[in-house]
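Visitor: Below is the sequence, then the predicted model.
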Amino acid sequence: MKDTDTIAAIASGMTSSGVSVIRISGPEALGVGQKVFRQKKRDGFSELPMERTASHTIHYGYVVQDDEPIDEVLLLIMRAPRSFTAEDTVEVQCHGGAFVTRRVLQAVLAAGARLAEPGEFSKRAFLNGRIDLSQAEAVADVIQAKNRLALKNSVKQLRGSVLHKVKELRDRILDEVSFIEAALDDPEHIEIEGFAEKLEKENQENLQEIQRLLASAEHGRYLSQGIRTVILGKPNVGKSSLMNAFVGAERAIVTDIAGTTRDTLTEEISLGEISLQVVDTAGIRSSDDAVERIGISLAKKEASEADLILYVADASVPWDENDEQIVPLLQGKKVLALLNKSDLEARITEDELRDRLKPAVCDASFLSVSVKAPEDCRKIEQKIKDMFFQGELAENDEIFITAERHREALQNAAGSLREVERSIAAGMPEDFFSIDLLHSYQELGYIIGEEMDEDLVNNIFKKFCMGK
């Protein structure tokens, strides 16, 4: 990456704020900075001699274009390799108005930089060996974190938690391959008898480590993306009231008229350490209204894609055929059945509701609540945590796999290690072990970028935001 372009972009958000940051990186970053920056002197302005200026220093002055001052700024110099991209980097901190920020960027581009592509700074950091691919992906996860634990897990990955674990596994596998190859090349001096038994034990340990990482992937997805939660029930049972209670505002329309909700309504909410993507849906019932039927169809589709279904039943009315229509939608899902309006005279009990759902639902929890009561909403929140994280999330050093790409690579690596197990059990020659061990080694390398596919790398970084 020595002969690359010099790139620039706005590294802060494109909204009005106190300060904006324009980042410049590449072999001509210092030269571009020198063209656009004038340091403030008592008697006017002067160029800053960038080549003689120490790294990691901040300077006060103005950005200019055609000798016209654009904005009063601070300029930060970071010389290679002690920067995020491991290249010479200049950052300009200007006032945070959208117009003035664009003017400063235009001056930088006119001075010889080109506009960076999405994620190009992080891509250069990866290609220059500053971070591995899992750490680069963690940069995006930090930016997109929706709750405290998602942020904590992303920062751990940014610091190398996935990198270190994957490297440890790859080193063990490579040691096994190296021994096999050496023994096959020099059988007179390296004794391979009994190695299969030793390899079987070590291979099982490696497989267990990978399986532990895979087991964390479901929780990792809930942390990073939130739990896809669909509120389901017949009309007028309190679904929209529950949505409003979650959001803390009158987000969904609530009336006594059955069929008020015709479309789905999605909100992201935080329950302390976890996030939910909550979807309010149309009430499930038989209807002749064409628009309502579309809403009911959308509700059924959302239910099929849910991680969790909040099935809301009205305790003050008896079970009917509309409830019967809902039961098949709960098949195979995690379900929290809420017996709402518990403050009214009960026409259906929790035990009866449990019996009604039992034929279709294996994984269900039950609560009697009034969704308009804040203390009952807190009970719902705690019950969701119980269902997904056994009440609380671990605060230890456990690694949560959050990227689907990582999960697929781990599955492939585990599959290759299982092939090694089968080869050992079948008494196959040692060179058969090497083939599958090397495939597992390669799959683990895809996670951290040591086995690299250019199209994959480009696809990962183009999903990043501009300026990162």
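Guide: It's in.
Visitor: Spatially central residue for this protein, please.
Guide: Taking C-alpha atoms, centre = their mean as the criterion, Ser224 is the residue nearest the geometric centre of the chain, at 4.0 Å.
Visitor: isn't it right up against Ala150?
Guide: Yes - at 5.5 Å, Ser224 and Ala150 qualify as touching, with contact defined as C-beta atoms under 8 Å. For the C-beta atoms, the positions are set from N, CA and C on the backbone; glycine is no exception.
Visitor: Now do the shared contacts for those two.
Guide: When contacts are counted by C-beta atoms under 8 Å, 6 or more residues apart in numbering, Ser224 and Ala150 are jointly contacted by Asp141.
Visitor: one step back: any idea which element the residue nearest to the centre of the chain lies in?
Guide: Element membership of Ser224 [criterion: DSSP states H and E] is helix 217-225.
Visitor: just so I have it, where are all the helices in the stretch 251-400 of the chain?
Guide: Remark: helices assigned in the stretch 251-400 of the chain by DSSP state H, counting those that start in this stretch are 290-304, 321-326, 350-357, 374-389.
Visitor: count of neighbours near Ser134?
Guide: By other C-beta atoms under 10 Å, the residues close to Ser134 number 25.
Visitor: Could you confirm it falls within a strand?
Guide: No - using DSSP: H, G, I helix; E, B strand; the rest coil, the secondary structure at Ser134 is helix, not a strand.
Visitor: Just the pLDDT for the nearest residue to it once chain neighbours are set aside.
Guide: The shortest distance from Ser134 to any non-neighbouring residue, by C-beta to C-beta, 6 or more residues apart in numbering, is to Val162 (4.2 Å). According to the prediction, Val162 has pLDDT 92.
Visitor: what's Val162 in contact with, if anything?
Guide: By C-beta under 8 Å, 6+ apart, the residues touching Val162 are 134-135, 138, 399, 401, 406, 447-448.
Visitor: Please enumerate the strands of the chain.
Guide: All strands of the chain, identified by DSSP state E, fall at 7-10, 17-25, 37-41, 44-47, 57-65, 68-78, 89-96, 114-115, 227-232, 265-271, 274-280, 308-314, 334-340, 364-368.
Visitor: Make a markdown table out of those and add mean neighbour count and mean pLDDT.
Guide: Formatted as a markdown table, the strands of the chain follow (neighbours: other C-beta atoms under 10 Å; pLDDT from 0 to 100):
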| stretch | mean neighbour count | mean pLDDT |
| --- | --- | --- |
| strand 7-10 | 24 | 96 |
| strand 17-25 | 21 | 94 |
| strand 37-41 | 16 | 88 |
| strand 44-47 | 11 | 78 |
| strand 57-65 | 16 | 95 |
| strand 68-78 | 18 | 95 |
| strand 89-96 | 22 | 96 |
| strand 114-115 | 14 | 95 |
| strand 227-232 | 24 | 90 |
| strand 265-271 | 16 | 80 |
| strand 274-280 | 23 | 84 |
| strand 308-314 | 25 | 90 |
| strand 334-340 | 23 | 90 |
| strand 364-368 | 17 | 87 |
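Visitor: separation between the residue nearest to Leu207 when sequence neighbours are not counted and His56?
Guide: Nearest residue to Leu207 in three dimensions, chain neighbours excluded: Leu417, at 4.6 Å (C-beta to C-beta, 6+ apart). From Leu417 across to His56, the span is 45 Å (C-beta to C-beta, to the nearest Å).
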